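Asker: heads up, no residue letters with this:
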């Protein structure tokens, strides 16, 4: 049986992870800093804004799918609901 530490991957993995962590900690993240609202009115406003944004996005996606299904666009699959035909 092998006694003591084994050579190879274990030593390399730990040094690589430590170097990556140090590099990530040294540079700040790009972009705007976001702190969630704490006041009740602002919390409600943020939730309403999020819901509206979701509805608008869903509406735009449905319009794109219906346009693609009608043959105007060719980059998307025909996923629009089919009209009811008797």
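Answerer: On my side now, so go ahead. Keep in mind the model is a prediction, meaning the values are calculated, not measured.
Asker: Give me the average confidence score over the host helix or strand of residue 46.
Answerer: Using DSSP states H and E, residue 46 maps to helix 40-70. Mean pLDDT, computed over helix 40-70, is 92.
Asker: Now that helix: buried residues?
Answerer: Across helix 40-70, burial judged by 16 or more other Cβ atoms under 10 Å covers 64, 65, 66, 68, 69. (C-beta placed from N, C-alpha, C; glycine too.)
Asker: State the distance from the first one to residue 57.
Answerer: To tie it back to what came earlier, the one meant is residue 64. 11 Å (Cβ to Cβ, to the nearest Å).
Asker: for stretch 19-30, which positions count as buried?
Answerer: For stretch 19-30, it's none, nothing buried (16+ other Cβ under 10 Å).
Asker: now stretch 31-38
Answerer: By 16+ other Cβ under 10 Å, stretch 31-38 has no buried positions at all.
Asker: Just the endpoints, please. Distance across it?
Answerer: 21 Å (Cα to Cα, to the nearest Å).
Asker: what comes into contact with it?
Answerer: 43, 45, 46 (Cβ atoms under 8 Å, 6 or more residues apart in numbering).
Asker: out of those, who's nearest residue 30?
Answerer: residue 46 (22.7 Å; Cβ to Cβ).
Asker: Now that closest one. Nearest residue, chain neighbours left out?
Answerer: Counting by Cβ to Cβ, 6 or more residues apart in numbering, residue 37 is the residue found nearest to residue 46 once chain neighbours are left out, at 5.4 Å.
Asker: Mind putting the contacts of stretch 31-38 into JSON lines with distance to residue 23?
Answerer: Below are the contacts of stretch 31-38 laid out as JSON lines (distance: Cβ to Cβ, whole Å):
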{"residue": "43", "distance to residue 23": "36"}
{"residue": "45", "distance to residue 23": "38"}
{"residue": "46", "distance to residue 23": "33"}
